[in-house]
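>>> model the structure of this input:
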Amino acid sequence: MTEDIVQMKISKFRSGIIGFKTACSKLAGAHKTMTEEEIKAALIAELKKSNYIPDSARKDYERAFYSGFKKFVGEPEVECEKAAGLEIKVLGKGCFRCRQLEQDVMAVLTEMNIEADLEHVNEIQDIAAYGVLGLPGLVINGKIMAAGSIPSKAKLKEWFLAAGTNPSK
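Residues are numbered from 1 along each chain as shown. Predicted coordinates:
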């Protein structure tokens, strides 16, 4: 059996959470009679079985899990903390070209010492929401920058600078 793994922003970092959709499915029927705190506690209890959740970051995990749960059941999400810097999304199912674009983006961010929230969007319905026809796709701060091609590292640098980032020294 393949377990579901969902990328989720916990505080300012992205983590892969094992079993998130399964946990949400278990709570979906009863959530209308539960308080927010009860839902958070139930999600933590269920997801701790398959994921490491440090006590020091429990509140961050609770917020992220609750926000994701709200999205799962079709309710408005809870606002989570936004990371400083760029918000970058690589769109693709995980093929070689998609992984190459993600690696190139990480290399350029590291080289330029830029803080960014990087997410690899691989669910087809989430990719379709961007209206991108060719993969891989690249979205920077909500704007589609590339579709169906891998931009050069020089072009990535240009786009990151144009997005208003100031590389850290």
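>>> how is this structure carved up into domains?
Structural domains annotated on the chain: 5-72, 86-162, as defined by automatic domain parsing.
>>> send the alpha carbons of the strand or helix carrying residue 126 over as PDB?
Taking DSSP states H and E as the definition, residue 126 sits inside helix 124-128. Provided in PDB are the C-alpha atoms of helix 124-128 (Å, rounded to 0.1, in the frame of the first residue of the first chain):
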ATOM      1  CA  ILE A 124      -2.500  17.200 -11.400                       C
ATOM      2  CA  GLN A 125      -5.600  19.200 -10.200                       C
ATOM      3  CA  ASP A 126      -3.300  21.800  -8.400                       C
ATOM      4  CA  ILE A 127      -1.100  22.100 -11.500                       C
ATOM      5  CA  ALA A 128      -4.200  22.500 -13.700                       C
END
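>>> pull the distance from that helix to the chain's centre.
Taking CA atoms, centre = their mean, to the nearest Å, the mean C-alpha location of helix 124-128 is offset from the chain mean by 13 Å.
>>> residue 120 in helix, strand or coil?
Classification of residue 120 by DSSP: H, G, I helix; E, B strand; the rest coil places it in strand.
>>> which residue comes closest to it once chain neighbours are left out?
Computed as CB to CB, 6 or more residues apart in numbering, the closest residue to residue 120 that is not its neighbour in sequence is residue 90, at 4.9 Å. (C-beta placed from N, C-alpha, C; glycine too.)
>>> residue 55: neighbour count?
Counted with other CB atoms under 10 Å, the neighbours of residue 55 add up to 6.
>>> and the strands in the chain?
Per DSSP state E, the chain carries strands over the ranges 5-10, 13-18, 86-91, 116-121, 137-140, 143-147.
>>> what's the first one packed up against?
Which is strand 5-10. Other elements packing on strand 5-10 under the criterion 3 or more CB pairs under 8 Å, 6 or more residues apart in numbering; DSSP states H and E are strand 13-18, helix 20-28, helix 58-72, strand 116-121.
>>> contacting residues around residue 15?
Residue 15 makes contacts with 7, 8, 9, as judged by CB atoms under 8 Å, 6 or more residues apart in numbering.
>>> ChimeraX command for the buried members of those?
With 16 or more other CB atoms under 10 Å as the burial test, the buried ones among the contacts of residue 15 are selected in ChimeraX as follows:
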select :8,9
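>>> any idea which of the contacts of residue 15 is least confident?
Among these, residue 7 carries the lowest pLDDT, at 78.
>>> does that one really touch residue 123, like I thought?
No. Residue 7 is beyond contact range of residue 123, at 9.5 Å (criterion: CB atoms under 8 Å).
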